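**Student:** quick one, fold the following:
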Amino acid sequence: MKIAGILYFLIPGLALLIPTAYAAKIGAPYAPTRLPVVRKAFQLIGLNKNDFLVDLGAGDGSILLEASKHSARALGYELSPIMWFVIWLRSFNDKKIKINFANFYSQQLPPKTTVVFAFLMPNIMPRVLEFLKKQNLPQAKYFLAYAFPLPKEIEPMHVVHAKNCARLYVYDWRNIIAN
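**Tutor:** Here you go, the predicted model:
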């Protein structure tokens, strides 16, 4: 009976932790994004009701919720079932937010996307750049990278600073697809 009881909790636990570990390996482990720098960046780019923001690896959903506060619609991709559930709970009543339990690398981002956000590990950013170049986003204006910039051949148009926050790199979308 003791082994059955242990397995009762162990198997579902592994079912949640294995995808979470995989998400950390291909993108980033969960780490909160500091919102003061995000708010400054959203103000800088004029994020508003006409925007559709996509968060690649949405974590706890803070970026989606902040975009919604600016009246923007937002879509997040999250591969960790634990974090997906956290976002789902946090955004349950917000009609401007949608969260997909999916690997963003296997997705075509919506054509209505105007802003793409990412907080992913530095070794992942070259792959993210290649992913972005393959997207057909006729309305895209900006790519925002928290903490870790794109490869050096792409220059940010702004680097946003805020006290006790990592830098947030703001890229003109045209420079991303031009390279």
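**Student:** just the helices in the protein please.
**Tutor:** 2-26, 35-45, 62-69, 81-90, 125-133, 173-178 (DSSP state H).
**Student:** any idea which of these scores lowest on pLDDT?
**Tutor:** Across the helices of the chain, helix 2-26 has the smallest mean pLDDT, namely a mean of 53.
**Student:** not counting its neighbours along the chain, what's nearest Met157?
**Tutor:** Asp172 (4.8 Å; Cβ to Cβ, 6 or more residues apart in numbering). Where you see a C-beta, it was placed from the backbone N, CA and C, and this is true even at glycine.
**Student:** tell me how many other residues crowd that neighbour.
**Tutor:** Residues lying near Asp172 (other Cβ atoms under 10 Å) number 17.
**Student:** before we move on, what about the one 4 residues further on?
**Tutor:** Counted with other Cβ under 10 Å, the burial measure for Ile176 works out to 20 neighbours.
**Student:** quick one: it from Pro36, how far?
**Tutor:** Look at Ile176 and Pro36: by Cβ to Cβ, to the nearest Å, they are 25 Å apart.
**Student:** residue contacts, the residue lying closest to Ile97 once chain neighbours are set aside?
**Tutor:** The shortest distance from Ile97 to any non-neighbouring residue, by Cβ to Cβ, 6+ apart, is to Ser91 (4.1 Å). Applying Cβ atoms under 8 Å, 6 or more residues apart in numbering to Ser91 gives the contacts Gly61, Leu64, Leu65, Ser68, Ile97, Ile99.
**Student:** change it to 10 Å
**Tutor:** Going by Cβ atoms under 10 Å, 6 or more residues apart in numbering, Ser91 touches Ala58, Gly61, Leu64, Leu65, Ser68, Ala74, Gly76, Ile97, Lys98, Ile99.
**Student:** now the buried members of those residues.
**Tutor:** Ala58, Gly61, Leu64, Leu65, Ser68, Ala74, Gly76, Ile97, Ile99 (16 or more other Cβ atoms under 10 Å).
**Student:** possible to save those residues as JSON lines with distance to Ser106?
**Tutor:** Converted to JSON lines, the buried ones among the contacts of Ser91 look like this (distance: Cβ to Cβ, whole Å):
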{"residue": "Ala58", "distance to Ser106": "16"}
{"residue": "Gly61", "distance to Ser106": "21"}
{"residue": "Leu64", "distance to Ser106": "20"}
{"residue": "Leu65", "distance to Ser106": "25"}
{"residue": "Ser68", "distance to Ser106": "25"}
{"residue": "Ala74", "distance to Ser106": "20"}
{"residue": "Gly76", "distance to Ser106": "15"}
{"residue": "Ile97", "distance to Ser106": "21"}
{"residue": "Ile99", "distance to Ser106": "16"}
